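Q: Predicted model follows, preceded by the sequence.
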Amino acid sequence: MKKGKLATIAVTTLGVLGLTLAGCGSSSDSKDSSSSSSSGKDKITIVGSTALQPLVEKASSQFQEDNPDANITVQGGGSGTGLSQVQSGAVQVGNSDIFAEQQEGIHPDKLTDHKVAVVGMAPVINKDVGVKNVSMDQLRQIFTGKITNWKEVGGKDQKISVINRAKGSGTRATFENAVLQKDDKPVNAQEQDSNGTVQKIVKQTPGAISYLAFSYVNKDLQELSIDNVKPTYKNVSTNKWKIWSYEHMYTKGKPSGSAKKLIDYVLSDDVQKGLVSKLGYYSVNNMQVKMDPDGEVTKK
C-alpha cells in the first residue's frame, strides 16, 4: 500500500442497533466482550464489515453446533458501524476491513484486534464493456472522474458509470487508499452499502464499474487486471496485487467466555485451512508480507 494519509470512514448508524440489545448485558463500561442472558445462554452480537460477514456467519454456525450455550447474531452495517458499536459496548464483536487507527473517533487502545483473514479486492465492470486490463493511473482517473468513456482505455464507446461504496464501508477505504492519491477527490457517484448489491448493479448496468471483495466476483462480471497483474491471492500474498486488507474482529478489551472461544475457533486450523479459502478469503498464516495501521507493507 502506498504511503500517505489513510482514508477515514464516516461512522454510520445501523438502525437495528438503536434498539436495546435484549440480553446483551453490555455497556460502555464493560471490560470484556462476553455477556449472559437471563436464559443462561452466552449472547454474542457481531456487526460490521459485509466483506467479512459470510465467513463469520458460517464459522459462527459451525461453532454453535459444538457450543449450544452460545447465542450468536451476525449483522452487517459496515466497518465504521462495527468499530463504533464495539467501542461503545453495544455489541461484543465489531468486524472491520480496516484498522481501528484508520477510523475517526475510534480509540484503538480500548480495543483488541484479532486479524482473522485477508481479503483481496478487485475492480469489476459490466461484461459488455470490452476491457480486461487498465493501468493504476487509468483506474485512478476513472474513479476521480477524469476518464469518463470506456473508449479512452480501449473499450467500447460507452459512458462509464461509477458505482461507489458507502462512506461507512471499509472496502471503500481500502480501495481508495490503494488507488487514489492523497489529494484526489472521488467522483460523485451512486453509492451502495454492500458487496452483494454492488454485484447485482454492475451486472445490470451498461458501462458500470465498481470494486468487490474477491469472494463476490463471479462469472457475471469482468474483473480487471491492473498493470497486467491479475487479482489473485498468490499476488496478494506478496503485495504484487495491492488492493487488500486484513479482516479484523475487534473486541472491547480482551474477550472472554463464548466470544473468546469463537474468535479462537475462527483462528484455528479448522477454519483457517478450510472455511477461509472455501469462502474466498486468504489465511493470515499464508501471507509473505505484513501491513501496519499506516498502510506500510513489509516482509514477514
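A: In hand now; what should we look at? Numbering: from 1, shown residues only.
Q: quick one: the helices in the stretch 51-200 of the chain?
A: For the stretch 51-200 of the chain, applying DSSP state H, counting those that start in this stretch gives helices covering 53-66, 79-88, 136-143, 170-179, 195-204.
Q: From the rest of the structure, what touches the fourth one?
A: Contacts with helix 170-179, where a contact means Cβ atoms under 8 Å, 6 or more residues apart in numbering, come from 1-2, 4, 6-9, 48-51, 78-80, 96-98, 102, 121, 136, 139-140, 143, 164-166, 184, 186, 195, 211-213, 242-245, 295. Yep, even glycine has a C-beta here, placed from its N, CA and C like the rest.
Q: Might you specify the subset of these located within strands?
A: Mapping the contacts of helix 170-179 onto strands (DSSP state E) picks out Gly48, Ser96, Met121, Asn164, Arg165, Tyr211, Leu212, Ala213, Trp244, Ser245.
Q: Please identify the most buried of the helices of the stretch 51-200 of the chain.
A: Across the helices of the stretch 51-200 of the chain, averaging neighbours per residue (mean count of other Cβ atoms under 10 Å) puts helix 79-88 on top, at a mean of 28.
Q: list the helices and strands that helix packs on?
A: Secondary-structure packing of helix 79-88 (3 or more Cβ pairs under 8 Å, 6 or more residues apart in numbering; DSSP states H and E): strand 42-48, strand 93-96, strand 111-126, helix 170-179, strand 244-252.
Q: looking at the ones you listed, which is closest to Asn71?
A: Nearest to Asn71 among the helices and strands packed on helix 79-88 is strand 42-48; the distance by Cβ to Cβ comes to 4.6 Å.
Q: May I see the buried residues of the closest one?
A: If you call a residue buried by 16 or more other Cβ atoms under 10 Å, then strand 42-48 has these buried ones: Asp42, Lys43, Ile44, Thr45, Ile46, Val47, Gly48.
Q: now the angle between helix 170-179 and that strand, please.
A: Following axes from the mean of the first three to the mean of the last three Cα atoms, to 10 degrees, one obtains 40 degrees for the angle between strand 42-48 and helix 170-179.
Q: Return strand 42-48 as CSV; C-alpha atoms alone will do.
A: Taking C-alpha atoms only, strand 42-48 is exported to CSV below (Å, rounded to 0.1, in the frame of the first residue of the first chain):
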residue,chain,number,x,y,z
ASP,A,42,-24.0,-16.6,26.3
LYS,A,43,-25.1,-14.0,23.8
ILE,A,44,-22.7,-12.6,21.3
THR,A,45,-23.8,-9.8,18.9
ILE,A,46,-21.4,-9.2,16.0
VAL,A,47,-21.8,-6.3,13.5
GLY,A,48,-19.7,-4.5,10.9
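Q: Quick one: mean pLDDT over that strand.
A: Across strand 42-48, the average pLDDT comes to 95.
Q: Okay, angle between it and helix 53-66 too, please.
A: 170 degrees.
Q: Just give the number of residues close to Val153.
A: Applying other Cβ atoms under 10 Å, we find 19 residues neighbouring Val153.
Q: That one contacts Asp137, doesn't it?
A: No: Val153 is not in contact with Asp137 according to Cβ atoms under 8 Å; the separation is 10.4 Å.
Q: For the spatially most central residue of the chain, what are phi and psi?
A: With distances taken as Cα atoms, centre = their mean, the residue of the chain nearest its centroid is Asp97 (3.6 Å). Here is the backbone geometry of Asp97 (degrees, to the nearest 10): phi -90, psi -10.
Q: ok, it to Ser225 distance?
A: 22 Å (Cβ to Cβ, to the nearest Å).
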